[in-house]
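Trainee: Next comes the sequence, and after it the predicted model I'd like to discuss.
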Amino acid sequence: MVSDGGLRLRERTRNICILAHVDHGKTTLADHLIAAAGDGVVHPKQAGKLRYLDFLDDEQQRCITIKSASIALRYRDHAINLIDSPGHIDFCGEVSTAVRLSDGALVLVDVCEGIHVQTHAVLRQAWLERVAPCLVLNKVDRLVTELKLSPLEAYRRMERIIAEVNGIVSGFRSESYFFRDGEQHEEESGFADFSPVAGNVAFASALDGWAFRTHDLVEVCEIKLDHCVTARELEEKLWGDFFLVTEDKKHKIVSEQELPNGAKTAAPNTRKPLFVRLILESLWQVYSSLEKVGDESGKILSKVTNVMKLSVPERELRSGGRASLQAVMSRWLPLSDKLLDMVVQALPDPARAQAYRSNHLLPPRAASSFSTLISPSQQQLLDEIEHARMSVKKCDDSRGAPCVVYVSKMFAVPASMIPRGRGDEEDECFLAFARVFSGVLVAGQRVYVLSDVYDPTVDTDKRSFEVATVTALYVMIGQGLKPVDKAAAGNVVAIQGLGEEVLKTATLSSSPNCWPLAGLSFQAAPIVRVAVEPSNPANLAQLLKGLKLLNRADPMVQVTFSSTGEYVLSAAGEVHLELCVKELRERFARVELEVSAPLVAFRETIDDDRRKERCVSFTTPNRRYTGSVEVWRLPSSVLEAIESSGLVKTGKETCCSETLAAHLLANPATKRELLGEIIWSCCGANLLVSSPELLQSCGSEEDSASLESSIVTGFQLACTAGPLCKEPLWGLAFRIKVATCSNAGHGGVENSGQVIKVIKEACLEAVAKRNPRLVEAMYLCEVSTSSLFLGQMYGVLARRRARVVKEEMAEGRDVFAVVAFVPVAESFGLAEELRKRTSGAASPQLRFSHWEVAEDDGDDELEMAERDEEQGGGFAKRLIDAVRRRKGLAVKENLVRHAAKQRTLARKV
């Protein structure tokens, strides 16, 4: 970081984050790093128990990380900004904010649990942000103490995990090749294959406080082999299928093909690679002390202490059990030193990282508002914009360089936590979690706040930006804040003074002549919603204030005002929603709330039956324009490309059609499916395509431009509310043709309103004629449980319309891992029901997967008619009726069922 006295060299700075699936040991590992390099804020004895970066009450109670937190470390003249991120999928927004500010990442994998849902997600996030990762295989001790694996079995297990992670990265690389330019290289993305030989893989036990890379044990192995093998050869062959052969009392390392005939014919599970013989067997021998009693246990640890010449107090050796083992291992292979060495040696500094990250963060862009002939003033503007871009690419920290800062999130801290004299009068003070990408940011400096859609090439009077003053800068020490006067390029800081100008993310610049950095990409969407209202209507103003504060404090929260007059709070999942409501009630609004049942987002599409009529004609009321609307389902490959691009937002937000068109046409498969269609506009995952005969005889150029704008507006309004239950449309393509009637007059603004209304109604009518279908969100659900409770688990999943796609048994354990797709509408209370039915033996991990057309529970028309009369319709029909009823729309339903003739008790005499 920076200090009051001056600037720190970029080459000695590292910005890293810790990424992993939930409960894979991120915060425990961070405790050890903080204890060693955190200036004494954590005592080594408390490392792994204190969970220093989980400073929120909910984090301590739930034993999970909820908010990403940063701390500045110092290690051997290096400044390391460490960011701990959540592992629960509901808080993936915090992961995105952490990755954007980092240049490298430590990706943790529990060697017992293996690769999980969130491991895929964090690797993808690191790939998208061009963040160089190192792999840490954590909890190696569990292979000995719990799974009771032999050293060879443990080696094969770790080998498979590394291969699986490399397979995931290889998939990203192939996707990048096809969907981008086909020339994405490892050195450009920061990603290289994980290999212990390359020095980017470490083996660790955060619980016992030790870690190592193969490089760290070369000297020990060389002594074991009586210096018969050089250190260089050991570094290259300590991992992999290399074996030790002894000939004439001399040791020799050979490959599998070079083994003697007798060794070649031996069973593969009996041949021990070099890593097993020289490292794992010694490690297993140390852990065997846990099974010994009395003096036997002490003899093993004393032998390690004497051979490695360790200084371990006698009282710690005599304490016995796990405590003695931790005392020895943490001094022999200290986790903090080994991992921080890997961070310094294997991960890039800010200058090296920004050289290849800048093409993603701040790509070259054309000046769309300039004509072919560029004036001298326009050329000067372009030169300033290019100078800012190159300063970001070089990580220029000189005082003359333009200052460019990216704010990845706003976070609230109590005003009492702000250093004295710098806080606000309000109870909550908002700070910006930011990174300086170029120049020097100074306290008291005025900066321009640029949104994601800011365009510096438009006229000065048309630019939309705000000006703010940086009132204070802080270095983050977990929950604590240390004031500093300035921060140079490559540093992570907290900024005070942007509470009113920045909502969630923004680019700060010392000059308005700068493009904003690319927006964040999230691995999930806020699809779980509730309506909130105060218990006492008089507290409505406090609720509105609390919603505003919550919306700013959480990067994934969305607050909207629905057409039914409700304030709707949207979150990424059930756990996220629960915590948001609690924060709103206890911290931001401080009023009693009435919370509705969860409201799930749906989409609407059409049946993929090309035989049905898909064209609707229309005429405006003043008969000036006439035309037709045609609609069809987008091919699955095009729809997947749109959703995976990260360019398209849901709802009313739209992306640049030129950017989306370039993305789709770059892939040969989607280009072939589009059949030469020109993408005119987009809204959500829907496209408005055009053809040469789109506008026919539309009069003057001004009338044509007004007509085009009205058509796009009508299309976008139609996409926001479909005909079934007013949910957004999904996966549709529209082609609209318009012609001007020869005998019509001019209507001006009146024409525009009529065109918008007619286009919207025609689009919805075209959808209604093509058998509209409801689309529901699907979770990817991972559940692990023992074979004893497998039946109960399947029963719970079946009741919730889950579709099981994979089941496999974990190696060496009586545990089954089941993967299924579960509708989001059926997921509420799933975790609680699973724990109840399985006596706590099963717990699900849910991640948003995809949108899927809701299938009815019957295909025969007669059966469906009988069921509709008896049960009120199938699944899709009941979902549609529930949404329409909630929105106050008309619902077609039978009020009387099984009607019979009235009977009386009167006796006829």
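Mentor: The structure has been received and is ready for your questions. Remember, predicted model here, so these are calculated numbers, not experimental data. Numbers count the residues shown, from 1 in each chain.
Trainee: hey, which helix is longest across the chain?
Mentor: Longest helix in the chain by number of residues, with DSSP state H as the criterion: helix 151-179.
Trainee: Any buried residues in it, and which?
Mentor: Neighbour-count burial for helix 151-179 flags 151-159, 161-162, 165, 169, 172-173, 176, 179 (criterion: 16 or more other C-beta atoms under 10 Å). Glycine gets a C-beta too; all of them are placed from N, C-alpha and C.
Trainee: How far off centre is it?
Mentor: Distance of helix 151-179 from the chain centroid (C-alpha atoms, centre = their mean, to the nearest Å) equals 20 Å.
Trainee: Mean confidence (pLDDT) on that helix, please.
Mentor: Confidence over helix 151-179 (mean pLDDT, whole number) is 87.
Trainee: residue boundaries of the helices in the stretch 751-900 of the chain?
Mentor: Taking DSSP state H, counting those that start in this stretch, the helices of the stretch 751-900 of the chain run over residues 790-799, 830-837, 861-871, 875-886.
Trainee: Likewise for the stretch 301-450 of the chain?
Mentor: Counting by DSSP H, counting those that start in this stretch, the helices of the stretch 301-450 of the chain are 314-318, 321-332, 335-346, 350-361, 376-394.
Trainee: export these to CSV and tack on distance to residue 111 and mean neighbour count?
Mentor: Formatted as CSV, the helices of the stretch 301-450 of the chain follow (distance: least, C-beta to C-beta, whole Å; neighbours: other C-beta atoms under 10 Å):
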stretch, distance to residue 111, mean neighbour count
helix 314-318, 27, 12
helix 321-332, 16, 19
helix 335-346, 15, 20
helix 350-361, 29, 20
helix 376-394, 39, 17
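Trainee: thinking again about what came up before, report all helices and strands that the longest helix of the chain contacts.
Mentor: Contacting helix 151-179 under the criterion 3 or more C-beta pairs under 8 Å, 6 or more residues apart in numbering; DSSP states H and E are the following elements: strand 104-110, helix 117-128, strand 132-138, helix 141-145, helix 186-189, helix 281-287, helix 636-645.
Trainee: need the least confident one among these, by mean pLDDT.
Mentor: Of all the helices and strands packed on helix 151-179, the minimum mean pLDDT falls on helix 186-189 (a mean of 49).
Trainee: chain center to the helix or strand just after that helix: distance?
Mentor: Per DSSP states H and E, the first helix or strand lying C-terminal to helix 186-189 is strand 201-205. Remark: strand 201-205 is offset 24 Å from the chain centroid, using C-alpha atoms, centre = their mean.
Trainee: any idea of the angle strand 201-205 forms with helix 151-179?
Mentor: Relative orientation of strand 201-205 versus helix 151-179 (axes from the mean of the first three to the mean of the last three C-alpha atoms, to 10 degrees): 130 degrees.
Trainee: Rounded mean pLDDT for strand 201-205, please.
Mentor: When pLDDT is averaged over strand 201-205, the result is 96.
Trainee: Which elements pack onto the next helix or strand after it?
Mentor: Next helix or strand after strand 201-205 toward the C-terminus (DSSP H and E): strand 210-212. Under the contact criterion of 3+ C-beta pairs under 8 Å, 6+ apart, strand 210-212 touches strand 201-205, helix 321-332, helix 335-346.
Trainee: what's the helix or strand following strand 210-212 in contact with?
Mentor: Remark: after strand 210-212, the chain's next helix or strand is helix 218-224, criterion DSSP H and E. Applying C-beta atoms under 8 Å, 6 or more residues apart in numbering, the set of residues contacting helix 218-224 from outside is 229-231, 234-235, 238, 278-279, 308.
Trainee: Quick one: list the elements packing against the helix or strand where residue 97 lies.
Mentor: Assessed by DSSP H and E, residue 97 sits inside helix 92-100. Taking 3+ C-beta pairs under 8 Å, 6+ apart as contact, the helices and strands that helix 92-100 lies on are strand 13-20, helix 117-128, strand 404-414.
Trainee: which of these is buried the deepest?
Mentor: When you average the neighbours per residue for each of the helices and strands packed on helix 92-100 (mean count of other C-beta atoms under 10 Å), strand 13-20 leads with a mean of 26.
Trainee: With just CA atoms, put that one into CSV.
Mentor: In CSV, the C-alpha atoms belonging to strand 13-20 read as follows (Å, rounded to 0.1, in the frame of the first residue of the first chain):
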residue,chain,number,x,y,z
THR,A,13,2.8,-4.8,-4.8
ARG,A,14,0.5,-7.7,-5.1
ASN,A,15,-3.3,-7.5,-5.2
ILE,A,16,-4.8,-11.0,-4.6
CYS,A,17,-8.1,-12.5,-3.5
ILE,A,18,-9.0,-15.9,-2.1
LEU,A,19,-11.6,-17.9,-4.1
ALA,A,20,-13.2,-21.2,-3.2
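Trainee: That one pairs with which strands, parallel or anti?
Mentor: strand 78-84 (parallel), strand 104-110 (parallel) (DSSP bridges).
Trainee: per-residue confidence for residue 315?
Mentor: 83.
Trainee: Roughly how far does it sit from residue 324?
Mentor: Taking C-beta to C-beta, to the nearest Å as the measure, residue 315 falls 10 Å from residue 324.
Trainee: And the helices of the stretch 751-900 of the chain: which comes nearest residue 343?
Mentor: For the helices of the stretch 751-900 of the chain, proximity to residue 343 was assessed by C-beta to C-beta; helix 830-837 is nearest, at 35.3 Å.
Trainee: and that closest one, average pLDDT?
Mentor: Helix 830-837 carries an average pLDDT of 89.
Trainee: which of the residues in it are buried?
Mentor: For helix 830-837, the neighbour count (16+ other C-beta under 10 Å) marks 830-831, 833-834, 837 as buried.
Trainee: got those as JSON lines, with distance to residue 430 columns?
Mentor: Shown next, in JSON lines, are the buried residues of helix 830-837 (distance: C-beta to C-beta, whole Å):
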{"residue": "830", "distance to residue 430": "35"}
{"residue": "831", "distance to residue 430": "32"}
{"residue": "833", "distance to residue 430": "39"}
{"residue": "834", "distance to residue 430": "38"}
{"residue": "837", "distance to residue 430": "43"}
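Trainee: For residue 553, state which of these is nearest.
Mentor: Using C-beta to C-beta, these come closest to residue 553 at residue 831, 25.2 Å.
Trainee: burial count for the spatially closest residue to the closest one that is not a sequence neighbour?
Mentor: With sequence-adjacent residues excluded and distances taken as C-beta to C-beta, 6 or more residues apart in numbering, residue 831 is closest to residue 844, at 5.5 Å. Residue 844 has 23 neighbours, counted by other C-beta atoms under 10 Å.
Trainee: related to what we said a few turns ago, hmm, who's touching the helix holding residue 97?
Mentor: Here helix 92-100 makes contact (C-beta under 8 Å, 6+ apart) with 17, 19, 66-68, 83-86, 105, 118, 121-122, 125-126, 129, 131, 406, 408-409, 433, 435, 520-524, 554-556, 572.
Trainee: again, but for stretch 839-849
Mentor: Applying C-beta under 8 Å, 6+ apart, the contact partners of stretch 839-849 are 21-22, 89, 116-118, 121, 523-525, 527, 572-574, 777-786, 788-789, 792-793, 821-822, 824, 827, 830-831, 834-835.
Trainee: circling back: any quick ChimeraX command for the buried ones out of the contacts of helix 218-224?
Mentor: To isolate the buried members of the contacts of helix 218-224 in ChimeraX, using 16+ other C-beta under 10 Å:
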select :229,234,235,238,278,279
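Trainee: Give me the helices and strands touching the helix or strand encompassing residue 543, please.
Mentor: Residue 543 belongs to helix 540-553 when assigned by DSSP H and E. When contacts are defined as 3+ C-beta pairs under 8 Å, 6+ apart, helix 540-553 packs onto strand 404-414, strand 428-438, strand 528-534, strand 558-561, strand 567-571, helix 574-583.
Trainee: change it to 6 Å
Mentor: Using 3 or more C-beta pairs under 6 Å, 6 or more residues apart in numbering; DSSP states H and E as the contact test, no helix or strand touches helix 540-553.
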